[in-house]
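J.: Sequence first, then the predicted structure, then my questions.
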Amino acid sequence: MAQTNTFFMLISCLMFLSLSQGQEAQTGLPQARISCPEGTNAYRSYCYYFNEDRETWVDAELYCQYMNSGNLVSVLTQSEGTFVASLIKKRGTDDFNVWIGLRDPKKNRRWHWSSGSHVSYKSWDIGAPSSTNPGYCVSLTSSSGFKRWRDVPCEDKFSYVCKFKN
């Protein structure tokens, strides 16, 4: 009986040691964290920058390309849209519209992200895109808490959000 208890204690100690060593090895693994430049915000594997300077859609896109080879933000999921909206609201802007990277370059109501991402998620505001007064670039609207999209003239000047890999 004493031998059985000793054997059981030895097995228990070995199991404990192997478990604790495995946990140490797991906690020592590097964490996949994105590091974004100061003044930008990380979400998943991208950095985001809200610029309050008002520009036309083309000038805003050029700025984003110049800044870390990015683009105007492509909103590819509802959760990303919620993140972008919170980023804008956190800055407390009084802009009614904020540019995103969606546009209709051929003016045929076929929308494309400036980043080249596929358009699968859509978050159009009520009545948008407009058939009576069409615009060919897309902004987020303040009336929707910056979660819904509206087509507007590309020459309008709004603040904007850039998205880039670091």
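T.: Perfect, I can see it now.
J.: what's the spacing between Ser69 and Lys106?
T.: The gap separating Ser69 from Lys106 is 25 Å, by Cβ to Cβ, to the nearest Å. To be clear about C-beta, it is placed using only N, CA and C from the backbone, and glycine gets the same treatment.
J.: Over to Ile34?
T.: For Ile34, the distance to Lys106 - Cβ to Cβ - is 34 Å.
J.: Of these two, which one has the most company?
T.: When Ile34 is set against Lys106 and neighbours are counted by other Cβ atoms under 10 Å, the residue ahead is Ile34, at 12 against 9.
J.: ok now do the nearest residue to the more buried one once chain neighbours are set aside, which residues does it touch?
T.: Using Cβ to Cβ, 6 or more residues apart in numbering and skipping the chain neighbours, the partner closest in space to Ile34 is Ala42 (4.7 Å). Going by Cβ atoms under 8 Å, 6 or more residues apart in numbering, Ala42 touches Arg33, Ile34, Ser35, Cys36, Tyr48.
J.: after the helix or strand Leu140 falls within, next one along is what?
T.: Per DSSP states H and E: Leu140 is located in strand 137-141. Downstream of strand 137-141, the first helix or strand assigned by DSSP H and E is strand 149-152.
J.: Using CSV, list the CA coordinates for the helix or strand following that next one.
T.: Next helix or strand after strand 149-152 toward the C-terminus (DSSP H and E): strand 158-164. Provided in CSV are the C-alpha atoms of strand 158-164 (Å, rounded to 0.1, in the frame of the first residue of the first chain):
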residue,chain,number,x,y,z
PHE,A,158,-14.8,66.4,-45.9
SER,A,159,-12.5,65.0,-43.2
TYR,A,160,-11.4,61.4,-43.8
VAL,A,161,-10.1,58.1,-42.4
CYS,A,162,-7.0,56.4,-43.7
LYS,A,163,-6.3,52.7,-43.3
PHE,A,164,-2.8,51.1,-43.7
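J.: so strand 158-164 versus strand 137-141, what angle?
T.: 100 degrees (axes from the mean of the first three to the mean of the last three Cα atoms, to 10 degrees).
J.: from the chain's centre, how far out does strand 158-164 sit?
T.: 11 Å (Cα atoms, centre = their mean, to the nearest Å).
J.: That one - contacts with which helices or strands?
T.: Here strand 158-164 touches strand 46-55, helix 57-66, strand 71-72, helix 78-91, strand 97-103, going by 3 or more Cβ pairs under 8 Å, 6 or more residues apart in numbering; DSSP states H and E.
J.: Which positions in the first one come out as buried?
T.: Spelled out, that is strand 46-55. Tyr46, Cys47, Tyr48, Tyr49, Phe50, Asn51, Arg54, Glu55 (16 or more other Cβ atoms under 10 Å).
J.: Before I go, just wanted to say thanks for your time.
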